[in-house]
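Chemist: Attaching a predicted model along with its sequence, questions to come.
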Amino acid sequence: MLLHGVSIVINFLGCYFCYRNFFSVKFRKQVHLLWVGALVFALGFILIHIDGVKPNLTMSMCLVFIGILLMNKSGYFYTIVLYPIVFIMYMCINIFFSFVFSIVFNIPYKELINSSFWDVIESGVSCLFFFIWFIIIGSKRLADKIRTTTGEYLVLLISVVCILVVLGISQGFMKGDDSLFLHMKGPFAISITILCLLLIAGLRGMSYLKSKDALYKAEKALYDQYLANQEEHIKNIIEADKSIRSFRHDINAHLSALESCIDEKDYDELQNYIDRMKEETQNRKAQSYSGYAAVDTIIAEWHEKALKEEIAWEWKGKLREDLKIELFDLCVLFSNILSNAVEAAEKTEIGGERYIKVSIGSFRGRTSIRVTNTCINSSSQRMDLRTSKVDKDNHGFGMKNIKRIVEKYNGEIVYNFKNNVFNIEVTI
């Protein structure tokens, strides 16, 4: 009875890693696996000791399902819908290893599948298979996982059901004493299983390629937009330079006008003339924010939008010249940070305090980018970082892109929401 309980816990762990390898389902931290596994084992052990209740596949499916739901962090419907696929995929691997053990150890298949000891061994090896897969591949490509569409789900479900049927027939061949396939039942069963596994891998490969294609298209569209913004920014710089040259050409005329105001002691007109000259020169000044022209095109766009929305703007510091970060990644980083800041600040009531403050500094070879902005007080929720509370409604969009860039360069990100003010600090 103890072995049956252990087998159920191992099946739960195997399905957990199967989810993590194939689908974008969010689970609680892996430290919770211990108490959830203990609970599943306790439930299984209690049920097995109830009179009339025998260990079977249905019991294992239900207890594993309970464990998966307890580990789930969000998206219960998506997890439930995918569970039949995950469990069947896991059972297919389990059956494959039972074929291998029967052939390698020369154990009659009928005897092997009725043995609790070998059931635990098969489940353990299957779980180890998905765990190793997760460590080598799955954990490094979580960002590539996409949610399955209805059509893809139906194809995948039909495929795994067909695979299970084929494996069931193969099990029948393995258990039969007098069969047409008596002398080739082992190779036949393994060959069919390998073909089934290749089908599963092919489906996963198609899903992976589709996600990569979508990612490349999105990055290309963003890059094209950055190029367009940069072209517009360069045009503005050229126009500003022409205007400044024209202003310099007319400087003698301006000086004569000022002397005339002084001679006539018309100080009000003199002050107005000087104020107008200041305004004109300020409007024609080509401003530099970060020190990188391409990045400045992105910043200028959001600065202009902030001014149109009557949001106060304060900028301090510049990026280091020797910053070893790809220009495209810098553009993505500033675009997402500033878009979040402007979109959040503009939702604040007009007439109230509305501002965006950006500060850039360097310390011990690292660059820190700090952005502070006002925002409305909506439902703040704890995000992935333990010490950070954020206004998810205002800052959810683009946060994944920011994290991706920071993680790429082994940086750090800290953000919090307090008293209608959102702060984010990125260190790279």
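Modeler: Okay, I see it.
Chemist: Can you pull the domain assignment for this protein?
Modeler: Here the domain parsing of the chain from automatic domain parsing is 2-218, 288-428.
Chemist: Out of those, which gets the lowest mean score?
Modeler: Note on the domains of the chain: domain 2-218 shows the lowest mean pLDDT, a mean of 75.
Chemist: Go ahead and confirm Thr427 touches Thr367.
Modeler: Yes: Thr427 lies in contact with Thr367 (CB atoms under 8 Å); the separation is 7.1 Å. All C-beta atoms are positioned from the backbone trio N, CA, C, and that covers glycine.
Chemist: follow-up on the earlier one: format the domains of the chain as JSON lines; extra columns: distance to Arg276 and mean neighbour count.
Modeler: Rendered in JSON lines, the data for the domains of the chain read as follows (distance: least, CB to CB, whole Å; neighbours: other CB atoms under 10 Å):
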{"stretch": "domain 2-218", "distance to Arg276": "46", "mean neighbour count": "16"}
{"stretch": "domain 288-428", "distance to Arg276": "20", "mean neighbour count": "17"}
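Chemist: Distance to Leu258 for these - can I get that in JSON lines?
Modeler: Below are the domains of the chain laid out as JSON lines (distance: least, CB to CB, whole Å):
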{"stretch": "domain 2-218", "distance to Leu258": "55"}
{"stretch": "domain 288-428", "distance to Leu258": "30"}
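Chemist: out of those, which comes closest to Ser260?
Modeler: Comparison of the domains of the chain against Ser260 by CB to CB identifies domain 288-428 as nearest, at 34.7 Å.
Chemist: Figure out the length between the terminal residues of the closest one.
Modeler: End-to-end span of domain 288-428 (CA to CA, to the nearest Å): 21 Å.
Chemist: Give me the distance from that domain to the chain's centre.
Modeler: On the basis of CA atoms, centre = their mean, to the nearest Å, domain 288-428 sits 18 Å off its chain's mean C-alpha point.
Chemist: repeat for stretch 73-87
Modeler: With CA atoms, centre = their mean, you get 19 Å for stretch 73-87.
Chemist: Output that stretch in CSV with nothing but the alpha carbons.
Modeler: Extracted in CSV, the C-alpha atoms of stretch 73-87 (Å, rounded to 0.1, in the frame of the first residue of the first chain):
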residue,chain,number,x,y,z
LYS,A,73,-0.9,30.2,-9.1
SER,A,74,-3.4,31.5,-11.8
GLY,A,75,-5.4,30.4,-14.8
TYR,A,76,-7.3,27.5,-13.4
PHE,A,77,-9.5,27.0,-16.4
TYR,A,78,-6.5,26.7,-18.7
THR,A,79,-4.8,24.3,-16.4
ILE,A,80,-7.9,22.1,-16.1
VAL,A,81,-8.5,22.0,-19.9
LEU,A,82,-4.8,20.9,-20.4
TYR,A,83,-4.8,18.3,-17.7
PRO,A,84,-6.0,15.3,-19.9
ILE,A,85,-3.3,16.1,-22.4
VAL,A,86,-0.6,16.3,-19.7
PHE,A,87,-1.6,13.2,-17.9
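Chemist: what does that stretch rub up against?
Modeler: 15, 18-19, 22-23, 25-28, 61, 64-65, 68-69, 72, 147-148, 153, 156-157, 160 (CB atoms under 8 Å, 6 or more residues apart in numbering).
Chemist: Swap in 7 Å and give it another go.
Modeler: 15, 18-19, 23, 25-28, 61, 64-65, 68-69, 72, 147, 153, 156-157, 160 (CB atoms under 7 Å, 6 or more residues apart in numbering).
Chemist: And for stretch 405-414?
Modeler: Stretch 405-414 is contacted from outside by Ile325, Asp329, Val332, Leu333, Ser388, Ile402, Lys403, Glu425, Val426, Thr427, Ile428, using CB under 7 Å, 6+ apart.
Chemist: one more time with 8 Å, if that's ok
Modeler: Taking CB under 8 Å, 6+ apart as the rule, stretch 405-414 contacts 325, 329, 332-333, 366, 385, 387-388, 402-403, 424-428.
Chemist: Just the CA trace of that stretch, in CSV.
Modeler: Provided in CSV are the C-alpha atoms of stretch 405-414 (Å, rounded to 0.1, in the frame of the first residue of the first chain):
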residue,chain,number,x,y,z
ILE,A,405,16.2,43.2,-20.9
VAL,A,406,17.3,43.4,-17.3
GLU,A,407,17.8,39.6,-17.0
LYS,A,408,19.7,39.5,-20.3
TYR,A,409,22.4,41.7,-18.8
ASN,A,410,22.3,40.2,-15.3
GLY,A,411,20.9,43.4,-13.9
GLU,A,412,18.4,44.1,-11.1
ILE,A,413,15.0,45.7,-11.0
VAL,A,414,13.1,47.1,-8.0
